[in-house]
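> curious how this folds, go ahead:
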Amino acid sequence: MAEDGMGRPREVTCEGVLAAFDGVERPVATARVLAEELDCGKRTVLRRLQELEERGDVERWKVGAQAVVWWPVDEG
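Residues are numbered from 1 along each chain as shown. Sure thing, here's the model as predicted:
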């Protein structure tokens with residue numbers, strides 16, 4: 001089951017995406033970089049990033065015509 005109890009199992013969870021930031025050697029990451037880290041599709045990562053943004057766990061910045069970088073929010 002998906003995290004919300006409905007539908008098919010999630011390939012990648014929000015927590016998995018947050019953990020993937022640890023494998024990136026930069027303070028920010030694109031969805032493509034995180035998808036490569038997780039070995040999954042970019043769309044899947046974008047959906048989880050949007051959920052994480054709604055929860056207040058990540059922030060984003062549009063840095064180009066189509067480029068967006070994401071970073072986890074410090075809990076401190």
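> wait, residue 51 sits on residue 13?
No - counting by Cβ atoms under 8 Å, residue 13 is not a contact partner of residue 51; they are 9.6 Å apart. For every residue, glycine as well, the C-beta is placed using N, CA and C.
> which residues touch the residue nearest the centre of the chain?
In the chain, the C-alpha closest to the average C-alpha coordinate belongs to residue 49, at a distance of 3.6 Å (Cα atoms, centre = their mean). Contacts for residue 49 were tallied using Cβ atoms under 8 Å, 6 or more residues apart in numbering; they are 17, 31, 34, 58, 60, 70.
> run the last query once more with 7 Å
17, 31, 58, 70 (Cβ atoms under 7 Å, 6 or more residues apart in numbering).
> farthest-separated two in the residues you listed?
Greatest spatial distance among the contacts of residue 49 (Cβ to Cβ): 31 and 58, at 10.9 Å.
> low pLDDT regions in the protein?
Applying pLDDT under 70 to the chain flags residues 1-10, 75-76.
> now do the buried residues in the lengthiest helix in the chain.
The longest helix of the chain (DSSP state H) is helix 42-55. Judged by neighbour count using 16 or more other Cβ atoms under 10 Å, the buried positions of helix 42-55 are 44, 45, 46, 47, 48, 49, 51, 52.
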